[in-house]
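Student: after the sequence you'll find the predicted model.
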Amino acid sequence: EAGVAQSPRYKIIEKRQSVAFWCNPISGHATLYWYQQILGQGPKLLIQFQNNGVVDDSQLPKDRFSAERLKGVDSTLKIQPAKLEDSAVYLCASSAGLAGYNEQFFGPGTRLTVL
Amino acid sequence: SQKIEQNSEALNIQEGKTATLTCNYTNYSPAYLQWYRQDPGRGPVFLLLIRENEKEKRKERLKVTFDTTLKQSLFHITASQPADSATYLCALDMVASGTYKYIFGTGTRLKVLA
């Protein structure tokens, strides 16, 4: 089966600019996650969707970050305006459902550099 | 809040030996604990899941143990190979507002020397 697709793979922007990332999960996966991974750290959950509804966005900096999953399939994550500390890899993952026993399938990530 | 501790220092071992990685947590015991492998420039890949009522889980050369008394999980790779060199992440589930989400540790970098 095809894996989780993300684009772009790399992005370099200047601070205060905006940027958007796209994710296409594994077909049929109801749950979609966006993580931020700063160099040397583990992934940090930003937002979690079940179909097209948000189930957790407690760690999403809502003043600058937004995400949507309009038709319950693809998702976009946007940062506006970007700050230097947003430099990180943004990982998208999907799973069959919300239950804790479901494994997560990760995409390759988008490496963002904010100058 | 739940904290997860993994060895931040890299672990170097000789090929053929058993690698043992540690994941300690500070608060409540999770219902599920997962281990992932991450290679440079790639997303994590799921390896094993262990439930709170399981002491041990095996998959080929991999073994995971879960001790809720010690609040610790150990991840073993037997007969290690240079291809096992990667960062290994543990992830604990937490239930918040009736839904599961996972908290990841910082990972331990393993290097298997030929």
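Tutor: Now that the structure is in, tell me what you want to look at.

Student: using PDB, write down the CA coordinates of the helix or strand bottoming out on mean pLDDT in chain B.
Tutor: Of all helical and strand segments in chain B, the minimum by mean pLDDT, DSSP states H and E falls on strand B:99-104, at a mean of 82. Taking C-alpha atoms only, strand B:99-104 is exported to PDB below (Å, rounded to 0.1, in the frame of the first residue of the first chain):
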ATOM      1  CA  THR B  99      -9.200  10.200  23.200                       C
ATOM      2  CA  TYR B 100      -5.800   8.700  22.900                       C
ATOM      3  CA  LYS B 101      -2.700  10.500  21.900                       C
ATOM      4  CA  TYR B 102       1.000   9.600  22.100                       C
ATOM      5  CA  ILE B 103       3.900  11.300  23.800                       C
ATOM      6  CA  PHE B 104       7.300  10.600  22.300                       C
END
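
Student: identify the bridge partners of residue 67.
Tutor: Using chain A. residue A:77 (DSSP bridges).

Student: not what I meant, chain B
Tutor: With DSSP bridges as the rule, residue B:67 is bridged to residue B:72.

Student: how about stretch A:16-35: buried residues?
Tutor: Residues of stretch A:16-35 classed as buried: A:19, A:21, A:23-26, A:29-35 (neighbour count, 16 or more other CB atoms under 10 Å in any protein chain shown). For glycine as for every other residue, the C-beta is placed from the backbone atoms N, C-alpha and C.

Student: please list which of these are also close to chain B.
Tutor: By CB under 8 Å from any CB of the partner chain, the members of these lying near chain B are residue A:35.

Student: can you pick out the most distant pair from the buried residues of stretch A:16-35?
Tutor: A:19 and A:30 (26.8 Å; CB to CB).

Student: am I right that residue B:23 falls within a strand?
Tutor: Yes. With DSSP: H, G, I helix; E, B strand; the rest coil as the criterion, residue B:23 is located in a strand.

Student: would you confirm that it contacts residue B:103?
Tutor: No. Assessed by CB atoms under 8 Å, residue B:23 is found out of contact with residue B:103, at 11.1 Å.

Student: overlap in contacts of these two?
Tutor: Counting by CB atoms under 8 Å, 6 or more residues apart in numbering or on different chains, the residues touching both residue B:23 and residue B:103 are residue B:4.

Student: out of those two, which sits in the more crowded spot?
Tutor: residue B:23 (25 against 19; other CB atoms under 10 Å in any protein chain shown).

Student: who's that one bridged to?
Tutor: residue B:6, residue B:73.

Student: so what's it up against?
Tutor: Going by CB under 8 Å, 6+ apart, the list of residues near residue B:23 reads B:4, B:5, B:6, B:33, B:35, B:72, B:73, B:74, B:75, B:90, B:105.

Student: which of those residues sits closest to residue A:10?
Tutor: Among the contacts of residue B:23, and counting by CB to CB, the member closest to residue A:10 is residue B:105, at 26.1 Å.

Student: for the residue of chain A found nearest chain B, grab phi and psi.
Tutor: Closest residue of chain A to chain B, CB to the nearest CB: residue A:106 (3.0 Å). The phi/psi pair for residue A:106 (degrees, to the nearest 10) reads phi -100, psi 150.
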